[in-house]
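Visitor: Fold the following and give me the result.
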Amino acid sequence: MAILFDPQAPQVDFVLHPTDLSEASERAFHHALAIAIRRSAQFTLLHAMGRRATDNWAGFPSVRTKLAEWRAAGTTDGLEERIQRTSISKLEVATPDPVAASLEYIERNKVDLIVLATEGRSGLARLVRPSQAEALARRCGVFTLFIPSGGRTFVDADTGSVTLMRILLPVDPGTDPRPAMLRAVQAAALLEDPEIEITLLHVTEDESPPLEPPHLPYCRWHVLKRRGDVVEGILGAADDIDADAIYMSTGWHEGRRSRGRGGITERVLHGAPCPVGVVPAGA
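Guide: Coordinates of the predicted model:
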């Protein structure tokens, strides 16, 4: 597990939030902003407005107003220095294709995290259709956090408090789990009290021993083993442990084996009761 301790391991220094200015995207905005200020990251809100769209500038979420609410709640106490180091920008692109706009922006900027809105159990939001969202995540090769329009979230919209305490991490024998493990461990940095529970989930019929987790002072690891359908096992475990998020390493190769229903990653995204962090294998 040397990757977890590698000082050269990728950090979250640049957050991109493509938005369609909808209510669902506002939920994702809260997560993107909370992560950005806690990481002192560069933060860009990107809106693909289309050829016929009028000026939507006033419709952008107000960073200043939201931070004022969070300051009034006392949630940002001790974070002012980090907030001052956070670089925030808003960008409208005259194209009707949000995926193309996002990919073009990522090609020109070193984005570490994309935060997208989803419609949770009913599919992906208007921002992108399911096939487009998969294409964006696969083609850009960037850690992507999907925030459902319903269900649990780990950032309180009114106070900005972060409650990312329990992460479910499915382990696929055919995919290196370490990229997702690294991102899960790094999530502890978002907490005032940096202690986090990470549950490694094995959904398998064989009797092979489960992955042994590394020993870290601020992480508590659990190992869970289940049988049956992989997606049902992941979603059921997320409910059972009341997970604040699911983190998955993926090669985005599952869809080619099960195009009718979608791949494992896509099906988890559609049914997840909480945010899902999708980490490209090898990233």
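Visitor: Could you use CA atoms for every contact and neighbour count after this?
Guide: Will do.
Visitor: Tell me where this structure has strands.
Guide: 14-18, 42-48, 87-93, 113-118, 143-148, 166-170, 196-203, 219-226, 245-250, 276-280 (DSSP state E).
Visitor: Leu33 is nearest to which of those strands?
Guide: Among the strands of the chain, the nearest to Leu33 by C-alpha to C-alpha is strand 42-48 (7.5 Å).
Visitor: For the closest one, enumerate the helices and strands it packs against.
Guide: strand 14-18, helix 23-39, strand 87-93, helix 98-108 (3 or more C-alpha pairs under 8 Å, 6 or more residues apart in numbering; DSSP states H and E).
Visitor: Distance to Leu168 and mean neighbour count for these - can I get that in a markdown table?
Guide: Listed next are the helices and strands packed on strand 42-48 as a markdown table, based on distance: least, C-alpha to C-alpha, whole Å; neighbours: other C-alpha atoms under 10 Å:
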| stretch | distance to Leu168 | mean neighbour count |
| --- | --- | --- |
| strand 14-18 | 22 | 25 |
| helix 23-39 | 18 | 23 |
| strand 87-93 | 31 | 15 |
| helix 98-108 | 28 | 16 |
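Visitor: among the strands of the chain, which is nearest Glu69?
Guide: Of all the strands of the chain, strand 87-93 sits nearest to Glu69, with 17.3 Å by C-alpha to C-alpha.
Visitor: quick check: mean pLDDT across that closest one?
Guide: Here strand 87-93 scores 90 as its mean pLDDT.
Visitor: Low-confidence stretches in the stretch 1-150 of the chain?
Guide: 1-9, 50-58, 119-134 (pLDDT under 70).
Visitor: 80 instead?
Guide: Within the stretch 1-150 of the chain, the segments meeting pLDDT under 80 span 1-10, 49-59, 119-138.
Visitor: Next, work out how far apart the spatially most central residue of the chain and Val276 are.
Guide: What sits nearest the mean C-alpha location of the chain, by C-alpha atoms, centre = their mean, is Leu145, with 1.6 Å. To Val276, Leu145 is 6 Å away according to C-alpha to C-alpha, to the nearest Å.
Visitor: and what of Pro98?
Guide: Distance from Pro98 to Val276, by C-alpha to C-alpha: 20 Å.
Visitor: Which residues are in contact with Ile241?
Guide: Neighbouring residues of Ile241 by C-alpha atoms under 8 Å, 6 or more residues apart in numbering: Arg166.
Visitor: gap between it and Thr95?
Guide: Applying C-alpha to C-alpha, the value for Ile241 to Thr95 is 42 Å.
Visitor: coming back round to it: could I get the strands of the chain in JSON lines, plus columns for distance to Arg267?
Guide: As requested, the strands of the chain are arranged in JSON lines below (distance: least, C-alpha to C-alpha, whole Å):
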{"stretch": "strand 14-18", "distance to Arg267": "22"}
{"stretch": "strand 42-48", "distance to Arg267": "26"}
{"stretch": "strand 87-93", "distance to Arg267": "30"}
{"stretch": "strand 113-118", "distance to Arg267": "13"}
{"stretch": "strand 143-148", "distance to Arg267": "13"}
{"stretch": "strand 166-170", "distance to Arg267": "14"}
{"stretch": "strand 196-203", "distance to Arg267": "15"}
{"stretch": "strand 219-226", "distance to Arg267": "18"}
{"stretch": "strand 245-250", "distance to Arg267": "12"}
{"stretch": "strand 276-280", "distance to Arg267": "11"}
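Visitor: Tell me which of those strands approaches Thr65 most closely.
Guide: Among the strands of the chain, the nearest to Thr65 by C-alpha to C-alpha is strand 87-93 (13.5 Å).
Visitor: if we look at that closest one, which residues are touching it?
Guide: Here strand 87-93 makes contact (C-alpha under 8 Å, 6+ apart) with 40-50, 57, 101.
Visitor: Ok, stretch 222-238 next?
Guide: The contact list for stretch 222-238 (C-alpha under 8 Å, 6+ apart) reads 168, 170, 197-205, 210-211, 245-246, 264, 267-268, 271-273.
Visitor: Just the terminal-to-terminal distance for it.
Guide: First residue to last in stretch 222-238 (C-alpha to C-alpha) measures 13 Å.
Visitor: Name the residues of it that come out as buried.
Guide: Across stretch 222-238, burial judged by 16 or more other C-alpha atoms under 10 Å covers Lys225, Val230, Val231, Glu232, Gly233, Ile234, Leu235, Ala237, Ala238.
Visitor: Please narrow the residues you listed to those residing in helices.
Guide: Counting by DSSP state H, the part of these found in helices is Val230, Val231, Glu232, Gly233, Ile234, Leu235, Ala237, Ala238.
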